[in-house]
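Task: produce atomic coordinates for the following.
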Amino acid sequence: MPDIDRPLNARGHRDAPMMGAVLAASYRSGIHCVVTSPALRAATTCGYFLRELGNQVECFTEPRIYEAPVSQLVEVVQGLDDRFTHALLFGHNPGFSMLVEYLTGEWVDMPTCGIAVMESAVPHWAAMSRGVARLASFDYPKRYVS
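Here you go, the predicted structure:
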């Protein structure tokens, strides 16, 4: 089957609700924009997170995220609507690890269902560029499952 149609595996079905709950415990009231790759496994993971967030969240599917180089992921971030102060993106590696490094200067090897929280003081999404953010936290399923 084409990679874009590959379903979430059993581990993903176990980890996504758990990691959604971890994120929701800290950011429930702050996330109002979610952007996902159209790949089935990313969209399924996104659905689990949306159920855990349980608030008014606008969700967008962004085809440019699938198999995107870091430059294209930066364009996606820069194109976010400024009415959102927080955004949650679902996508794929190696692009997302490279995006974190580009924006923060710190390398994290994003595992499946990993969460990198980045903070920046830039006034507009369009101003997001190399090194303008800091890595506030990094979390991943193996911290919770043995």
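
Over to the residue nearest to the spatial centre of the chain. Which of the three states is it?
Note on the chain: the residue nearest the mean C-alpha position is residue 89, at 3.0 Å, using Cα atoms, centre = their mean. Under DSSP: H, G, I helix; E, B strand; the rest coil, residue 89 falls in the strand class.

Now do the SS call for the spatially closest residue to it that is not a sequence neighbour.
Nearest non-adjacent residue to residue 89, counting by Cβ to Cβ, 6 or more residues apart in numbering: residue 35, 5.0 Å away. Using the backbone N, CA and C atoms, a C-beta is placed for each residue, glycine as well. Secondary structure state of residue 35, per three-state DSSP, is strand.

Let me know whether residue 35 touches residue 87 as I believe.
Yes: with contacts counted by Cβ atoms under 8 Å, residue 35 reaches residue 87, the gap being 6.4 Å.

higher neighbour count, those two?
residue 35 (22 against 18; other Cβ atoms under 10 Å).
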